[in-house]
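S.K.: 3D model of this:
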Amino acid sequence: MACLMSCLDEDDIKEIRNSLGSPEAQTEPGYLRDVLNKIIVQMTRGTDMAPLFMDMVKVCATTDIVQKKLVYLYMSNYAATKPDLAVLTVNTLCKDCQDSNPMIRGLALKTLCSLRLSGLVEYIEKPLLTGLKDYSAYVRRAAVLGCVKIHQMNPQFIANHGLIDQLYDMLRDSDVIVVTNCLGALEELLADKGGVVINQRLAHFLVSRLTNLTEWGQCFVLQTLLKYTPDNEDEVFDIMNVIDLYVKHTNSGVSMAAITLMIHLTQDMSSIGQDVYRRIKGPLLILLSSEHPELVYSSLCHIQWVKRKMPKLFSKYYKKFYCRSKDPTYVKYKKIELLGEMIKEDTLPEIVEELSVCCTDISSQLAQQAIQTLCIIAKKGATYATPCIAALLGLLNLQLDYVSSEVLVAFQDLLSYESNKEYIPHVLSQLGACETIVQSSRGKAALIWLLGHYGESLPDAPYILENMIDVIEEETSAQVKLRLLTATTKLFFTRPAECQDMMGKLLEFAIESDTNVEVRERAQFYYRMLNTDVNKAKEVVCASQTPDIPDDCLTETNKLDNLANFNSLSILFGPLKWSQIQLKQTDTKAMHQIPSPTHSSVLATPTREDHSTTPSVKPMDGQLVDIDESKDAEPMPELQLVGDILVTPEEYESTWTMLSVYDTIELPLLEPLKPKQIHSLLENTGCKVMATTPEELEPWRAFVYAKDTTDTLYLVEVVLQSQTDILTFTLKVKGQTSSDRGGMFARQLQKAFS
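M.R.: Numbers count the residues shown, from 1 in each chain. All right, here's what the predicted structure looks like:
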């Protein structure tokens with residue numbers, strides 16, 4: 001039939017209307033059901049079926065309960081768009097509210113309240129008040145939920161009819177679902193006053209009814225009981241004796257709600273609280289064996305919370321946190337994080353071996369997480385450092401780019417500690433082989449940092465840096481160039497004869513040819529210091545820099561100790577992400593400026609290392625590079641993009657292939673952006689979008705172009721990594737790049753997404 005189409009035209013609507021009014025619809029219940037089913041299917045697909053509203057009003061008088069359900073579902077959905085016609089259904093609904101069949105009474109009352117039209121409150125009053133006292137539990141359930149719906153239309157209605165007290169009385173209803181609905185309704189109606197009030201009598205009544213409740217009702221009641229504080233320890237034990245049965249419930253939701261309540265009851269009883277944590281250890285570990293990875297992840301987050309209360313509680317069960325091949329990446333992340341937290345001296349070899357296996361995972365991000373965890377473990381002390389550093393050195397022998405890069409970053413951090421100085425020769429002996437293996441900017445920057453700090457002890461250090469300087473024109477990362485400038489300058493002070501020529505070549509390129517402002521300014525700063533006072537320059541540049549590497553694994557965990565986070569979404573998202581979600585919900589327009597990526601400071605800061613043994617260098621006559629310092633940088637003109645431009649796909653592709661990369665920008669996002677939002681922001685800056693990949697494809701890419709008033713063409717590849725919330729811009733420029741118009745355009749892009 002035509003109504004099965006995803007998009008219906010007037011002829012299709014007319015055909016359905018004829019079907020509703022056909023003789024078969026009056027004589028054959030099955031025929032009318034089929035027509036109504038097809039209407040509901042189209043409605044759920046998003047097709048506008050509102051033109052059939054008047055025809056559906058006529059059908060609602062049917063005596064078939066299945067047809068009534070379908071028609072009432074339609075009415076509830078379109079009543080807001082057709083308020084005038086919705087009034088025509090009131091008589092039928094009020095009549096059905098007095099039907100002898102309780103199913104029809106309950107269905108009619110539920111639909112009447114779901115119309116959400118403030119003008120119908122006077123018609124809802126009598127059926128609702130009667131429904132609260134109906135002998136049928138089904139009608140009472142609908143009436144209780146109707147109180148919440150009518151409160152949203154007319155808040156005074158509840159107070160005028162004293163429904164709060166009536167709902168409190170109904171908490172002792174014989175039907176457990178009515179009881180649960182009353183609790184939920186009171187929570188909603190009294191939200192401004194803190195929700196339902198739980199006194200001792202009500203708390204004991206709810207505890208005694210737990211066995212009769214549904215699993216959903218048990219979860220809700222257990223969570224509601226968190227508002228109650230017992231008067232004495234005997235009362236605590238009485239409640240806990242009942243709750244203990246639900247700690248090992250087969251439903252994980254009931255189990256976690258019971259665990260939360262037990263922790264709440266004993267949070268002021270330290271000795272009993274310890275016993276409670278031991279009691280809930282088993283159920284949490286059992287959840288790790290679930291076939292549902294989401295449930296496993298939730299269990300891991302709660303184990304991490306409990307572990308901070310009792311650090312040694314799960315230590316002997318460390319093998320349960322080993323990564324399985326079928327585990328999704330996010331579960332492996334959490335397991336690796338927990339392994340790093342629960343490690344002890346007696347479990348050190350086995351956990352280090354497990355983490356070493358994870359370091360070679362096919363997922364580069366997971367491998368980085370495992371290597372960072374090894375680095376954190378190594379900082380715990382000399383006993384922990386030996387096996388961890390040995391494992392990291394072994395990973396360098398694998399000659400894998402993403403592994404070697406992260407290992408070098410780890411050594412950049414570890415070797416700055418005085419207790420790890422003995423491992424410097426072992427690391428330096430493998431740096432030469434890393435030159436050709438490491439291709440990522442992060443790894444290159446770490447390698448150069450190590451060569452600059454410890455190159456005095458490595459004979460090949462100047463030659464490794466020289467090889468990098470020879471191909472610096474092909475380097476796109478500003479961070480690598482900055483590290484190369486600093487490392488070469490440091491090595492120049494300790495081995496001047498070997499570094500003088502390449503130092504001059506590097507400074508000349510950075511000052512005369514490089515388009516990045518920060519690189520150019522750093523090179524000019526070093527050059528002027530060397531020409532002014534070499535010894536003073538050595539004091540400034542050789543002051544050791546502490547690696548700016550955050551301990552990503554332990555930044556947020558200490559903020560989750562509050563019991564309010566237990567058994568909630570906040571413990572899954574983490575406090576930072578959860579606060580962002582809540583902020584977005586309360587004020588979607590709130591925007592936070594995102595700081596741009598920072599580089600190492602030009603003036604290095606002192607650290608734990610001692611460079612007093614660095615040999616002095618005498619001032620050199622003449623200049624390293626023949627550079628005219630009289631050239632002052634001209635102020636950059638304001639960048640104005642032209643709107644009426646057109647670049648064909650063929651021109652875009654040929655120009656993109658011909659040009660080299662001007663700059664690559666990685667922009668971390670504080671809150672996720674959808675491709676449509678990125679598309680809109682790009683157009684607001686004056687850019688044109690040539691093409692995009694499908695939104696569901698990971699990573700999502702967009703190819704963008706723009707042109708300014710000086711006829712400079714900008715081509716940009718935008719890459720969105722939704723898993724890490726990182727937006728990457730790869731910029732190519734054709735035209736007047738000598739005036740750093742490319743840098744101005746890059747800053748304009750960053751500003752648009754900040």
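
S.K.: doesn't residue 131 make contact with residue 139?
M.R.: Yes. Residue 139 is within contact range of residue 131, at 5.0 Å (criterion: Cβ atoms under 8 Å). Heads up, the C-betas are built off the backbone N, CA and C, glycines and all.

S.K.: which neighbours do the two share?
M.R.: Contact with both residue 139 and residue 131 is made by residues 105, 106, 109, according to Cβ atoms under 8 Å, 6 or more residues apart in numbering.

S.K.: which helix or strand contains the last one?
M.R.: Residue 109 belongs to helix 102-114 when assigned by DSSP states H and E.

S.K.: elements contacting that helix?
M.R.: The criterion is 3 or more Cβ pairs under 8 Å, 6 or more residues apart in numbering; DSSP states H and E, and the helices and strands that helix 102-114 contacts are helix 65-78, helix 90-96, helix 121-131, helix 137-153.

S.K.: extract the C-alpha set from whatever helix or strand comes next after the first one and format it as CSV.
M.R.: Translated: helix 65-78. In the C-terminal direction, the helix or strand that comes right after helix 65-78 (DSSP H and E) is helix 83-86. Extracted as CSV, the C-alpha positions of helix 83-86 are listed here (Å, rounded to 0.1, in the frame of the first residue of the first chain):
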residue,chain,number,x,y,z
PRO,A,83,-5.9,21.7,19.8
ASP,A,84,-9.2,22.8,18.3
LEU,A,85,-10.0,19.3,16.9
ALA,A,86,-8.7,17.6,20.1
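
S.K.: who touches helix 83-86?
M.R.: If you take Cβ under 8 Å, 6+ apart as the criterion, helix 83-86 is touched by 53, 54, 57, 75, 78, 79, 115, 117, 119, 120.

S.K.: I'd say residue 323 and residue 337 touch.
M.R.: No. Proximity of residue 323 to residue 337 does not meet the contact threshold set by Cβ under 8 Å, at 11.4 Å.

S.K.: just the buried residues out of the contacts of helix 83-86, in PyMOL syntax.
M.R.: Selecting only the buried members of these in PyMOL, with burial defined as 16 or more other Cβ atoms under 10 Å, works like this:
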select buried, resi 53+57+75+78+79+115+117+120
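
S.K.: make TSV from the contacts of helix 83-86 and add distance to residue 19 and pLDDT to it.
M.R.: TSV is the format used below for the contacts of helix 83-86 (distance: Cβ to Cβ, whole Å; pLDDT from 0 to 100):
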residue	distance to residue 19	pLDDT
53	16	83
54	15	84
57	16	82
75	19	86
78	18	85
79	23	83
115	25	85
117	28	79
119	32	79
120	30	80
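
S.K.: between the contacts of helix 83-86, which sits nearest residue 566?
M.R.: Closest to residue 566 out of the contacts of helix 83-86 is residue 115 (39.7 Å), distances taken as Cβ to Cβ.

S.K.: picking that back up, and the helices and strands packed on helix 102-114 as a markdown table, adding distance to residue 503?
M.R.: Rendered in a markdown table, the data for the helices and strands packed on helix 102-114 read as follows (distance: least, Cβ to Cβ, whole Å):
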| stretch | distance to residue 503 |
| --- | --- |
| helix 65-78 | 74 |
| helix 90-96 | 88 |
| helix 121-131 | 84 |
| helix 137-153 | 73 |
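
S.K.: return the most buried member of these.
M.R.: Compared across the helices and strands packed on helix 102-114, helix 137-153 shows the largest average neighbour count, a mean of 21 (mean count of other Cβ atoms under 10 Å).

S.K.: so what does that helix touch, helix or strand wise?
M.R.: helix 102-114, helix 121-131, helix 155-160, helix 163-169, helix 176-189.

S.K.: got a markdown table for these, with distance to residue 671 too?
M.R.: Formatted as a markdown table, those follow (distance: least, Cβ to Cβ, whole Å):
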| stretch | distance to residue 671 |
| --- | --- |
| helix 102-114 | 34 |
| helix 121-131 | 39 |
| helix 155-160 | 33 |
| helix 163-169 | 39 |
| helix 176-189 | 28 |
